[in-house]
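>>> Sequence and computational prediction follow.
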Amino acid sequence: MRKKLFAGIVISGLTAASLVFAQITGLTITPSSNIVGTDLSYTFSGTFTATTTVIEIDFPAGRGFDLSGSSFGLVQYGGSSTSCASVATSSLSATCTLPTGVSIPPNTAVTTTLSNVISTSSGSHVITVVTYNGTSSNGSVTSSVILNPKAISNLRCDASGQAGAIWLWWTVPMGIVNSGQGYQLKYQQGNSIDWNTALTYTQDWLRADPGTLEQKLVTGFNPNTQYTFAMKVLGNDGTISDISNAVTCYAPAAAQPSTDKIAPTSQITNPKSGDKILVGTKVKIEGTAKDEGGSSVQKVEISFDGKNWFLVNPVKLENGVLYWEYFWVPKEVGEYKIQTRATDWVGNVEKPSEGIKVSVVSELPKAPPAPQVPMTIEQLKAKIIEIQLKLIQLIQQLIQILQEKLAQLKR
């Protein structure tokens, strides 16, 4: 990243004021509002008031950006356009150097696009544009863009075993607020919902990491009544997502004694029993859990000694199967039996199975050498011919050396 002048100048809103000493006037960044993602694209437009051969675009640190794979489009100026002769990118900066002999003259309208920008953090972000004439900075201008969190796309609901209570499930999307409450939930009687007139359900659910499967019980609804729910995700700096998909369920008329007497089951799918693990390394343990009794899996726990149990992280729920993961760093060499147990929402607890047995070692065994593949007759013939040719060459070289020695002796 080059050294910038006037870096403290902040221009509120999207359009920069006419600051001649900043050497860019009328700066706009399009779109001004977007959704977090891995393939964002921004178009930068403005009037460059000084001769320019290099354009640098800087994104803020600590805001989830990555420009290392970004690319510039054509640089259009006046009635001309050019590609960048070279592009230098880092996690927070992208620089376009124009071809040798090409420069943007003063007071020229310029437009270029930066694509393949990654951002995982919502909020208001300040972007800096710097121009150079050779190695001399013309100055910089800053402007803000808004990134909203992604909307929930897989909200679903189901009646619980409690009067007037309904279960909600969803996967936490990208861009949720970094701390504190992360959702706005609304509901309406009937089989549809109007967000503007729907009632807000008061809750204090704290955020979980993006990709986590969430399950919450909402209560206090009229029994035997149909309700439709929808949610928004709260982001940083007051940003908010679009409305989620809407789901409709009936609140149960009365609490019914649970007929679910079947405990859920769980298993470890990775690693496998008998695997060897290097001590001190981070290992991802993966598995599944399901509940045939009908109340669904509430949680899964994992143990490495049969005594101490730790909650795993749910990943997704598909066709009634809960997929989970747990990261483990073994600190001591030895033999370990890893077991899991699942609990459903009516309190049935799985009796842990035998699980898997793994060995934690100080050094992993070396891979055995690749087996030798026997030659075919054709390959053997070709190899013999190759050796014969090398022998002939060696004999010819030896004869030549002897002839030169004899010639020297005769002199």
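Noted; the coordinates are in hand.
>>> where do the strands sit along the stretch 101-250 of the chain?
For the stretch 101-250 of the chain, the strands defined by DSSP state E, counting those that start in this stretch occupy 108-119, 123-133, 136-148, 156-159, 166-171, 183-189, 199-201, 213-218, 225-233, 247-251.
>>> what angle sits between the last one and strand 183-189?
Think strand 247-251. The directions of strand 247-251 and strand 183-189 differ by 60 degrees, with axes from the mean of the first three to the mean of the last three C-alpha atoms, to 10 degrees as the criterion.
>>> Which positions in whatever helix or strand comes next after strand 247-251 come out as buried?
Counting by DSSP states H and E, the next helix or strand C-terminal to strand 247-251 is strand 265-270. Using 16 or more other C-beta atoms under 10 Å as the burial criterion, the residues of strand 265-270 that qualify are Thr265, Ser266, Ile268. Just so you know, the C-beta spots here come from the backbone N, C-alpha and C atoms, and that holds for glycine as well.
>>> Helix, strand, or coil at Ile385?
The three-state assignment at Ile385 reads helix, by DSSP: H, G, I helix; E, B strand; the rest coil.
>>> mind starting the numbering at 39 from now?
Okay, residue one is now 39; in that scheme the one you just asked about reads as Ile423.
>>> Pull the number of nearby residues for Gln426.
10 (other C-beta atoms under 10 Å).
>>> Determine the three-state secondary structure at it.
helix.
>>> surely Phe348 meets Phe365?
No: the criterion here is C-beta atoms under 8 Å, and Phe348 misses it with Phe365 at 10.4 Å.
>>> Distance to Thr135, mean pLDDT and mean neighbour count for the strands of the stretch 139-288 of the chain - can I get that in JSON lines?
Below are those laid out as JSON lines (distance: least, C-beta to C-beta, whole Å; pLDDT from 0 to 100; neighbours: other C-beta atoms under 10 Å):
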{"stretch": "strand 146-157", "distance to Thr135": "13", "mean pLDDT": "95", "mean neighbour count": "19"}
{"stretch": "strand 161-171", "distance to Thr135": "9", "mean pLDDT": "94", "mean neighbour count": "21"}
{"stretch": "strand 174-186", "distance to Thr135": "14", "mean pLDDT": "92", "mean neighbour count": "20"}
{"stretch": "strand 194-197", "distance to Thr135": "51", "mean pLDDT": "87", "mean neighbour count": "15"}
{"stretch": "strand 204-209", "distance to Thr135": "43", "mean pLDDT": "90", "mean neighbour count": "20"}
{"stretch": "strand 221-227", "distance to Thr135": "46", "mean pLDDT": "96", "mean neighbour count": "19"}
{"stretch": "strand 237-239", "distance to Thr135": "53", "mean pLDDT": "96", "mean neighbour count": "13"}
{"stretch": "strand 251-256", "distance to Thr135": "47", "mean pLDDT": "88", "mean neighbour count": "16"}
{"stretch": "strand 263-271", "distance to Thr135": "40", "mean pLDDT": "96", "mean neighbour count": "21"}
{"stretch": "strand 285-289", "distance to Thr135": "52", "mean pLDDT": "93", "mean neighbour count": "18"}
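>>> Who is Val125 paired with across the strands?
Cys134 (DSSP bridges).
>>> give me the number of residues near it?
Val125: 14 neighbours (other C-beta under 10 Å).
>>> Straight-line length of stretch 236-252, end to end?
Terminal residues of stretch 236-252 lie 23 Å apart, using C-alpha to C-alpha, to the nearest Å.
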